[in-house]
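Trainee: below is the sequence, then the predicted model.
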Amino acid sequence: MIQTDPNTQNYLVATLKPWNIEAFTQFTPELPGQWHLITEKNQLTTDYLNSLDPRYIFFPHWSWIVPEDILKHWECVCFHMADVPYGRGGSPLQNLIARGHKETRLSALQMVKELDAGPVYRKLPLSLEGSAQEIFERMAPKIYQLICYIVEQTPQPKPQEGEVTLFKRRTPEQSELPKTADLKALYDHIRMLDAQSYPKAYIDWGDYRMEFTDANQDDPDQLFASVFITKRPNKS
């Protein structure tokens, strides 16, 4: 197999979350090759990719389906917060916490047409303690550990093994606090939704909506959280 010097290659990162953009700025200057960043869906075009011809395209957090012609022409890598094939699908962080997981594996996958079904380059352990924001920010440097490994080692990804478990993407309506739950479950419900741009845990009271953040539970018999009260949104 002919090995290509990674220092002569272009690499592309496609992401939209601020913590991943910050990590790109922090970590890519230490990596070999020329690095490029896109943060909007309309930037991911075949014309742009043809002009760049990246060795890899990395997707740390991307909310849109990548067109099949791109998957066929370039090696695309995504990062999924589950020990695949367990936990393929949407909202992995929330689905894992709702199922009582305290630890997970961050999986680097080659993207294929079927969602989260591609072969695996490597996995790293990831704690699910703290708020969703804290977990995402803890995950960002680990993603660049995986990117560094892939760029420097150019490994052949291996097929997933084991029983497939699919997660269903959560809806904003599922952010409502459950009407019957213990304090630990309420704590988990609030923290797993507590991240920038995510719909917060809420309850509706009369004409008002109460949104909960900053959950803290040092005592199993008590739960502290911040509440933000606004006019309840109209149903369309």
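Mentor: Sure thing, it's come through.
Trainee: so residue 97 lies in a strand, does it not?
Mentor: No: Residue 97 sits outside any strand when classified using DSSP: H, G, I helix; E, B strand; the rest coil, being helix.
Trainee: ok, and the closest non-adjacent residue to it?
Mentor: residue 192 (4.3 Å; C-beta to C-beta, 6 or more residues apart in numbering). C-beta: built from backbone N, CA, C; applies to glycine.
Trainee: pLDDT weak spots in the chain?
Mentor: By pLDDT under 70, the weakly predicted segments of the chain are 1-3, 235-236.
Trainee: who's in contact with the nearest residue to residue 224 once chain neighbours are set aside?
Mentor: Spatial nearest neighbour of residue 224, excluding adjacent residues (C-beta to C-beta, 6+ apart): residue 216 at 4.6 Å. Contact analysis of residue 216 by C-beta atoms under 8 Å, 6 or more residues apart in numbering lists 223, 224, 225.
Trainee: pull the number of nearby residues for the second one.
Mentor: Put plainly, it is residue 224. Look at residue 224: counted by other C-beta atoms under 10 Å, it has 11 neighbours.
Trainee: and for the last one?
Mentor: Neighbour count for residue 225, taken as other C-beta under 10 Å: 18.
Trainee: in which helix or strand would I find it?
Mentor: Using DSSP states H and E, residue 225 sits in strand 224-231.
Trainee: now that strand: buried residues?
Mentor: By neighbour count on 16 or more other C-beta atoms under 10 Å, the buried set for strand 224-231 is residue 225.
Trainee: from residue 94, how far off is the residue nearest to residue 224?
Mentor: Relative to residue 94, residue 216 is positioned 19 Å away (C-beta to C-beta, to the nearest Å).
Trainee: check residue 80 too.
Mentor: Applying C-beta to C-beta, the value for residue 80 to residue 94 is 14 Å.
Trainee: the residue nearest to residue 137 when sequence neighbours are not counted sits in which helix or strand?
Mentor: Of all residues not flanking residue 137 in the chain, residue 19 sits nearest, at 5.0 Å (C-beta to C-beta, 6+ apart). Secondary structure from DSSP H and E places residue 19 in helix 18-27.
Trainee: in that helix, what's buried?
Mentor: By neighbour count with 16+ other C-beta under 10 Å, helix 18-27 contains the buried residues 19, 20, 21, 23, 24, 27.
Trainee: could you point out which element follows it?
Mentor: strand 34-38.
Trainee: output that next one as PDB, nothing but the C-alphas.
Mentor: Only the C-alpha atoms of strand 34-38 are listed here, as PDB (Å, rounded to 0.1, in the frame of the first residue of the first chain):
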ATOM      1  CA  GLN A  34      -3.600  21.800   5.700                       C
ATOM      2  CA  TRP A  35      -6.900  22.100   7.600                       C
ATOM      3  CA  HIS A  36     -10.100  23.700   6.500                       C
ATOM      4  CA  LEU A  37     -13.400  24.400   8.300                       C
ATOM      5  CA  ILE A  38     -17.000  24.700   7.200                       C
END
